[in-house]
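> here you go, sequence then predicted model.
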Amino acid sequence: MDKPEQRQAEANARHKESQAVADARHKESNEWRDTVRKEDKVWRKRVREEDREWRDKARAEDGAWRDKVRQEDIDHRLRNERTTARCAALSAAVLSSKQGTPPDEVFALARKFEEWVIG
């Protein structure tokens, strides 16, 4: 081989060697990226499941709290209605009783009015 051909052969060999190194590096990089992607998918899936569990638990706790508060509100409203009915019945009994009527008779009449009002 003459010198120019030998230099070209050496250049081609260096080029092939550098290309092989670049291909190997590229292959390793792709394998690493694929591994990271797979790990990331698994991690994201686990986080989504944990988040879903947390949200479901929080939603259940919130629902139970709302039910409790709703029931407390209903009970409070019923107590207020009973108190209002008793006050109205007592007021009606006092107004419909004659002056000087004993308190026991006024309260008995108020209980009858309360039964009519509350039913």
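Looks like it came in fine.

> all helices for the chain, in order.
3-96, 103-118 (DSSP state H).

> okay, these in a markdown table with mean neighbour count and mean pLDDT next?
(Glycine included, C-beta is placed from N, CA and C.) Shown next, in a markdown table, are these (neighbours: other CB atoms under 10 Å; pLDDT from 0 to 100):
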| stretch | mean neighbour count | mean pLDDT |
| --- | --- | --- |
| helix 3-96 | 11 | 93 |
| helix 103-118 | 14 | 89 |
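
> residues in contact with Ala58?
Taking CB atoms under 8 Å, 6 or more residues apart in numbering, we find Ala58 in contact with no residue.

> how much space between it and Arg46?
Using CB to CB, to the nearest Å, we find Ala58 at a distance of 18 Å from Arg46.

> likewise for Asp73?
Taken as CB to CB, the span from Asp73 to Arg46 is 40 Å.

> same deal with Asp2?
66 Å.

> before we move on, what about Ile74?
According to CB to CB, Ile74 and Arg46 sit 42 Å apart.

> repeat for Lys112
Look at Lys112 and Arg46: by CB to CB, they are 68 Å apart.

> go on, Pro103?
73 Å.

> again with Gln6
According to CB to CB, Gln6 stands 60 Å off from Arg46.

> just Pro4 next, same as before
For Pro4 relative to Arg46 (CB to CB), the value is 62 Å.

> repeat for Lys3
Distance from Lys3 to Arg46, by CB to CB: 64 Å.

> do the same with Ser29
Counting by CB to CB, the separation of Ser29 from Arg46 is 26 Å.

> again with Arg25
Using CB to CB, Arg25 is found at 31 Å from Arg46.

> cool, and Gln19?
40 Å.

> cool, Ala20 as well?
In terms of CB to CB, Ala20 sits 39 Å off from Arg46.

> over to Arg37?
15 Å.

> how far out from the middle of the chain is stretch 43-61?
Here stretch 43-61 is found 9 Å from its chain centre; the criterion is CA atoms, centre = their mean, to the nearest Å.

> dump it to PDB, restricted to CA.
The C-alpha trace of stretch 43-61 is given here as PDB (Å, rounded to 0.1, in the frame of the first residue of the first chain):
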ATOM      1  CA  TRP A  43     -43.100   5.100  40.500                       C
ATOM      2  CA  ARG A  44     -45.900   7.200  38.900                       C
ATOM      3  CA  LYS A  45     -48.300   4.300  39.100                       C
ATOM      4  CA  ARG A  46     -47.500   3.700  42.700                       C
ATOM      5  CA  VAL A  47     -47.900   7.400  43.500                       C
ATOM      6  CA  ARG A  48     -51.200   7.600  41.700                       C
ATOM      7  CA  GLU A  49     -52.500   4.600  43.600                       C
ATOM      8  CA  GLU A  50     -51.300   6.100  46.900                       C
ATOM      9  CA  ASP A  51     -52.900   9.400  46.000                       C
ATOM     10  CA  ARG A  52     -56.100   7.700  45.000                       C
ATOM     11  CA  GLU A  53     -56.200   5.800  48.300                       C
ATOM     12  CA  TRP A  54     -55.500   9.000  50.200                       C
ATOM     13  CA  ARG A  55     -58.200  10.900  48.300                       C
ATOM     14  CA  ASP A  56     -60.800   8.100  48.800                       C
ATOM     15  CA  LYS A  57     -59.900   8.000  52.500                       C
ATOM     16  CA  ALA A  58     -60.200  11.800  52.800                       C
ATOM     17  CA  ARG A  59     -63.500  11.700  50.800                       C
ATOM     18  CA  ALA A  60     -64.900   9.000  53.100                       C
ATOM     19  CA  GLU A  61     -63.800  11.000  56.200                       C
END
